[in-house]
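Chemist: Sequence first, predicted coordinates after that:
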Amino acid sequence: MIVLRNMLLSGRRNKTGHNIKAGFRKEPYLIINIFFAGVILLIFAYSGFFSPEKNNYPVVCIHEKLTGQPCVSCGLSHSFSLIVRGRVEEAYQWNHYGMRIFLFFAAQLLLRITFSIFYIKYHDVRRKLIIVDCIGSGIIFLAAFWPFISNIFTGIFYTAS
Amino acid sequence: MEEVKNNSGQNLGIAALITAVITFVLAVIPCVGLIAIIPGIIAIVLATVGLSQASRGNSPRGVMLAGLIIAIIASMISFSQIFVAGKIVNKADKWPLNIQNIVNDVQDNVNKDIEDAKVSIKVESNGAKVEINTSSDKKDQEKKLEDLEGGNTPKKDTIQKHDSTQKHVIIRKKK
């Protein structure tokens, strides 16, 4: 941790010889990574804090409130809470896609940490690293959220016809 | 002479990008996609202000542009969800009448089918074969009724009691 801090806060020279301070303040990528990691941890904390037995989730389905019909993402909070508690079978019953969304967030948390370490360690490949991160995360996002995205398109075509 | 670049608008750009990505994730979840337009608009405003500051200060604009594009796409997705939900609500107003019509249609069809139904039951077991044919055809029933009224009825006016247990016994014996 101390090594990491020193690396970030110490002055470094890049290829062109410009003295750049590789601290958090001058590295948007690191700030974004830390922020996203924090958001994902908050999601996990939310899932762990609210109990599926008590059913005391503050977030309600607005779609269901408006249309009176349950949507494809209903039961996602329940599903997350059950996954955090290790009750995967029940989580599938609450929301069929809960597991893949949870895995997406878990993978993103790991990727944020891994890519941040690589970003600090290897200065020469920073640009490539960001491109790989964007493309990789985009693909994982599409794979995880595809049922929801396809549902949006289905809804648009259904209402248009 | 080298161009001097500063970081004006950079913090706004980072804030815009973070907000835009969160908006994007929220927008594709139907439960909360409807309210994702609020952070979407915030992200667009942040990115626009950041871009204007960056253009004045000659600083890099990549983060702000990325934030702006993602925020616009996310807002469009969110807006489409609002549009779809609105359409569903409009259609839902007509549903009770449609459902009543569908129920009536199904009821009529079932009644019609029952009137013309011809039932055939075949039971086969170890070579033993029992076949029962019956018809609930309306015309057949009317003919039977006419026959009954016309005096073609058997003289016995008492109904013979059908012994169902006897049938079972016979089948068992055959087995």
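Modeler: Yep, it's here.
Chemist: so what's residue A:97 up against?
Modeler: A:72-73, A:76, A:147-148 (CB atoms under 8 Å, 6 or more residues apart in numbering or on different chains). In this view, the C-beta of every residue, glycine as well, is placed from N, C-alpha and C.
Chemist: now that we have these, which one has the most neighbours?
Modeler: residue A:76 (26 neighbours; other CB atoms under 10 Å in any protein chain shown).
Chemist: which residues does the residue nearest to that one when sequence neighbours are not counted contact?
Modeler: Distance criterion CB to CB, 6 or more residues apart in numbering or on different chains; nearest residue to residue A:76, sequence neighbours excluded, is residue A:95 at 5.0 Å. Counting by CB under 8 Å, 6+ apart, residue A:95 touches A:73-76, A:78-79.
Chemist: From residue B:141, how far off is residue A:95?
Modeler: Residue A:95 sits 53 Å away from residue B:141, taking CB to CB, to the nearest Å as the criterion.
Chemist: Repeat that for residue B:34.
Modeler: Counting by CB to CB, the gap from residue B:34 to residue B:141 is 58 Å.
Chemist: Neighbour count for these two, which is higher?
Modeler: Ranked by neighbour count (other CB under 10 Å), residue B:34 and residue B:141 place residue B:34 first, with 23 against 12.
Chemist: Could you pull out the helices in chain B for me?
Modeler: Taking DSSP state H, the helices of chain B run over residues B:10-27, B:30-33, B:37-57, B:62-115, B:138-149, B:164-174.
Chemist: Reformat the ones you listed as JSON lines; add distance to chain A and mean pLDDT.
Modeler: As requested, these are arranged in JSON lines below (distance: least, CB to the nearest CB, whole Å; pLDDT from 0 to 100):
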{"stretch": "helix B:10-27", "distance to chain A": "5", "mean pLDDT": "92"}
{"stretch": "helix B:30-33", "distance to chain A": "4", "mean pLDDT": "87"}
{"stretch": "helix B:37-57", "distance to chain A": "11", "mean pLDDT": "92"}
{"stretch": "helix B:62-115", "distance to chain A": "4", "mean pLDDT": "81"}
{"stretch": "helix B:138-149", "distance to chain A": "41", "mean pLDDT": "76"}
{"stretch": "helix B:164-174", "distance to chain A": "44", "mean pLDDT": "48"}
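Chemist: Same list (the ones you listed) but as CSV, adding distance to residue A:101.
Modeler: Below are the helices of chain B laid out as CSV (distance: least, CB to CB, whole Å):
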stretch, distance to residue A:101
helix B:10-27, 10
helix B:30-33, 12
helix B:37-57, 19
helix B:62-115, 16
helix B:138-149, 57
helix B:164-174, 58
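Chemist: Which of those helices sits closest to residue A:128?
Modeler: With CB to CB as the measure, helix B:62-115 is the member of the helices of chain B nearest residue A:128 (15.0 Å).
Chemist: tell me what that closest one is packed against?
Modeler: Under the contact criterion of 3 or more CB pairs under 8 Å, 6 or more residues apart in numbering or on different chains; DSSP states H and E, helix B:62-115 touches helix A:62-67, helix A:126-160, helix B:10-27, helix B:30-33, helix B:37-57.
Chemist: Against residue A:82, how distant is residue A:92?
Modeler: 9 Å.
Chemist: Which residues are in contact with each of these two?
Modeler: Common neighbours of residue A:92 and residue A:82 (CB under 8 Å, 6+ apart) are residue A:98.
Chemist: From the contacts of residue A:97, pick the one nearest residue A:123.
Modeler: For the contacts of residue A:97, the nearest to residue A:123 is residue A:148 (37.9 Å; CB to CB).
Chemist: Residue B:27 is in contact with the closest one, correct?
Modeler: No - if you go by CB atoms under 8 Å, residue A:148 and residue B:27 don't touch, sitting 9.6 Å apart.
Chemist: Next up, the contacts around residue B:17.
Modeler: Per CB under 8 Å, 6+ apart, neighbours of residue B:17: A:28, A:32, B:43, B:47, B:63-64, B:66-67, B:70.
Chemist: Out of the residues you listed, the closest to residue B:79 would be?
Modeler: Using CB to CB, the contacts of residue B:17 come closest to residue B:79 at residue B:43, 14.0 Å.
Chemist: Can you tell me the number of residues neighbouring residue B:77?
Modeler: By other CB under 10 Å, neighbour count at residue B:77 equals 20.
Chemist: Residue numbers of chain A in contact with chain B?
Modeler: A:26, A:28, A:31-32, A:35-36, A:39, A:59-64, A:66-69, A:71-74, A:76, A:141, A:145, A:148-149, A:151-152, A:155-156, A:158-159 (CB under 8 Å from any CB of the partner chain).
Chemist: just the buried members of the residues you listed?
Modeler: Buried members of those, counted by 16 or more other CB atoms under 10 Å in any protein chain shown: A:28, A:31-32, A:35-36, A:39, A:61-63, A:67, A:71-74, A:76, A:141, A:145, A:148, A:151-152, A:155, A:159.
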